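A.B. asks: Sequence first, predicted model second:
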Amino acid sequence: MDSSAHQEAGASGSGVDIEAVMQQVAEHKGCGTSGGAAKPSCGSSDGPDDMPAEIWEKVKNHPCYSEEAHHHYARMHVAVAPACNIQCNYCNRKYDCANESRPGVVSEKLTPEQAAKKVLAVASTIPQMTVLGIAGPGDPLANPAKTFKTFELISKTAPDIKLCLSTNGLALPEHVDTIASFNVDHVTITINMVDPEVGAKIYPWIFYKHKRITGVEAAQILTDHQLRGLEMLTERGILCKVNSVMIPGVNDKHLVEVNRAVKSRGAFLHNIMPLISAPEHGTVFGLTGQRGPTAQELKALQDSCEGEMNMMRHCRQCRADAVGLLGEDRSEEFTTDKIMAMEVNYDLEGRKAYQAVVEQERVAKVEAKKEEVATLKDIESDIKVLAAVATKGSGLINEHFGHAKEFQIYELSTKGAKFVGHRRVDLYCQGGFGDEDSLETVIRAINDCHAVFVAKIGGCPKGDLLKAGIDPVDEFAHEFIEKSAITWFKAYLEKLKSGEITHTARGDAEIRQGAFSSENA
């Protein structure tokens, strides 16, 4: 979402005049971002009152480490690390590919110098871009020279950008000191097992000390290095997120043990993701028919682990060259040819001023939610329902049903509105006309929801949703998501109390394999 999109958002639910502030940016320098005055969540519901100030500064505008921040701030990945030192049965790295959106896929590989130029171009175009990550398409620490050269160049030219890397952890212990020396204060480690017998079913081989090792021996080395690396990072005050891929019948029950193991070693956040295993992706699991989890299976596992530590539920399993807000990909706007032709003027003060306005939006959103949650305190009910939301970002209901490429999912109860995930879908509107086949896939994706909140919806899809038992709600267009959802939920409980409606349980929902791709744009 760029400046123009933010102007649209600010003109509605937040009450903040983005256009006016951006006009002032040209005249006024020196504005800084506002502090964490509100109480956004960092993985769960944690905010500035729940953690040390130095940690809050690290997470408050990091879209991956803060669920609240992901509505407002953008990230980008640069594909400078092509080599990998392990093989995963769920991974197939693809280069020069624009038609898939999942980890390990990129349209083009970059040199560190090209990556640094791209970061400046993106950050100048998208002022709410706050985070630069290196996540592949291989493993950053299997390409240490390229990875750390990229960090060196960016830290000199764009000092306000947070630096992150994602790794499988095999080479992590030997690089922890270098990571710390570059002020990389966010590291994600993919840990799918702590039992080598389970690991042998996920990893065919690792490449360690100049030789290929297979089976249980390989998995034992990998888990030892992952857990030791995690401990070393947290001892140095580096925030660590652990990614785990949920593979039904392989490690789904075992991930509860993984959750305990990483919590005990200081992990800040645990992200349990669904397996992507479509046959067309060419992975081992895809070709052998290994299925991914259903929506209810994934949520049940996340819920069972949530009592142990903060859970991340807003992950989009991004491409290794993703650009923009989570859930969007603007990488095609920033190809190498385009960025090399750009004349980039990195306006650090302008970025700070813009982000200060984003913080005002965020505070307004959080306060609106708190006010609405307070109205639930005297209502007694054990009922919980899920609701889907069509949004372009900024925490607003601001997307047309037919234009939605994903729906954000909230769990509504007398405790408020809790973000619990997202569902990617095919576009319903194709060239101005509704696609009935796509509508069926949308309904399957949100079949566990009692309502879907949209900025606008046509008569035909509205009727089909009602037949499916899903309430299409368009009365809260361009209003804050949580506040609107709670208002609707209170009305739902009133209708139940009066006997106007009967509460019925919804069915399971389908998690789409992979992410929305440019082929369908």
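C.D. replies: That came through, no problem. Residues are numbered from 1 along each chain as shown.

A.B. asks: just for the stretch 1-150 of the chain, where's the confidence low?
C.D. replies: Across the stretch 1-150 of the chain, the ranges flagged by pLDDT under 70 are 1-51, 56, 60, 63, 65-67, 69-71, 93-107.

A.B. asks: any idea where the helices of it begin and end?
C.D. replies: Ranges of helices in the stretch 1-150 of the chain, per DSSP state H, counting those that start in this stretch, are 3-10, 18-25, 53-59, 112-125, 144-157.

A.B. asks: How about the stretch 351-500 of the chain?
C.D. replies: Remark: helices assigned in the stretch 351-500 of the chain by DSSP H, counting those that start in this stretch are 436-445, 459-467, 481-498.

A.B. asks: which residues are contacting the first one?
C.D. replies: Applying CB atoms under 8 Å, 6 or more residues apart in numbering, the set of residues contacting helix 436-445 from outside is 404, 407, 423-428, 430, 461, 464-465, 468, 470, 509-512. C-beta here means a position set from N, CA and C on the backbone, and glycine is covered the same way.

A.B. asks: cool, and the second one?
C.D. replies: Residues from elsewhere that reach helix 459-467 (CB under 8 Å, 6+ apart): Phe401, Gly402, Tyr428, Gly434, Leu439, Ile443, Val452, Ile457, Asp471, Pro472.

A.B. asks: tell me which residues in that helix are buried?
C.D. replies: Pro461, Lys462, Asp464, Leu465 (16 or more other CB atoms under 10 Å).

A.B. asks: In JSON lines, list those along with pLDDT.
C.D. replies: Converted to JSON lines, these look like this (pLDDT from 0 to 100):
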{"residue": "Pro461", "pLDDT": "89"}
{"residue": "Lys462", "pLDDT": "92"}
{"residue": "Asp464", "pLDDT": "92"}
{"residue": "Leu465", "pLDDT": "94"}
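
A.B. asks: how about these, which pair is most distant?
C.D. replies: Farthest-apart pair in the buried residues of helix 459-467 is Lys462 and Asp464; separation 7.4 Å (CB to CB).

A.B. asks: From the contacts of helix 459-467, pick the one nearest Ile501.
C.D. replies: For the contacts of helix 459-467, the minimum distance to Ile501 (CB to CB) is 9.7 Å, reached by Asp471.

A.B. asks: The closest one bridge partners, please.
C.D. replies: Note on Asp471: beta-bridge partners Ala451, judged by DSSP bridges.

A.B. asks: my guess is it meets Val454, correct?
C.D. replies: No - using CB atoms under 8 Å, Asp471 is not in contact with Val454, being 10.9 Å away.

A.B. asks: closest to Phe419 among the buried residues of helix 459-467?
C.D. replies: Checking these against Phe419 by CB to CB gives Leu465 as the nearest, at 21.5 Å.

A.B. asks: what's the spacing between the closest one and Asp448?
C.D. replies: 14 Å (CB to CB, to the nearest Å).

A.B. asks: I'd assumed Thr188 was in a strand, is it?
C.D. replies: Yes - under DSSP: H, G, I helix; E, B strand; the rest coil, Thr188 sits within a strand.

A.B. asks: and the gap between it and Ile179?
C.D. replies: Taking CB to CB, one finds Thr188 at 12 Å from Ile179.

A.B. asks: Between these two, which contacts overlap?
C.D. replies: Leu165.

A.B. asks: For stretch 178-191, could you pull out the residues that count as buried?
C.D. replies: Judged by neighbour count using 16+ other CB under 10 Å, the buried positions of stretch 178-191 are Ile179, Ala180, Phe182, Val184, Asp185, His186, Val187, Thr188, Ile189, Thr190, Ile191.

A.B. asks: Show the average pLDDT along it.
C.D. replies: Average pLDDT, stretch 178-191: 93.

A.B. asks: Please enumerate residues in contact with it?
C.D. replies: By CB under 8 Å, 6+ apart, stretch 178-191 touches 58, 62, 64-65, 131, 135, 144, 148, 151-152, 155, 162-169, 172, 223, 226-227, 229-230, 233, 236-245, 258, 261-262, 271.

A.B. asks: what about 7 Å?
C.D. replies: Contact with stretch 178-191 is made by 58, 62, 65, 148, 151-152, 155, 162-169, 172, 226, 229-230, 233, 236, 238-244, 258, 262, as judged by CB atoms under 7 Å, 6 or more residues apart in numbering.

A.B. asks: now do stretch 114-122
C.D. replies: 76, 78, 80, 110, 129, 132, 150, 153-154, 157-158, 161, 323, 334, 336, 339-340, 342, 344, 346.

A.B. asks: Show me just the buried residues among these.
C.D. replies: Buried among the contacts of stretch 114-122 (16+ other CB under 10 Å): 76, 78, 80, 110, 129, 132, 150, 153-154, 158, 161, 323, 334, 336, 339, 344.

A.B. asks: Among those residues, name the ones in strands.
C.D. replies: Using DSSP state E, the members of those that fall within strands are Met76, Met129, Leu132, Val323.

A.B. asks: Pick out the most distant pair among those.
C.D. replies: Taking CB to CB as the measure, those span a maximum distance of 10.4 Å, between Leu132 and Val323.

A.B. asks: list the residues that contact both of those two?
C.D. replies: Each of Met76 lies in contact with both Leu132 and Val323 under the rule CB under 7 Å, 6+ apart.

A.B. asks: Check the gap between Thr223 and Val258 for me.
C.D. replies: Going from Thr223 to Val258 by CB to CB gives 10 Å.
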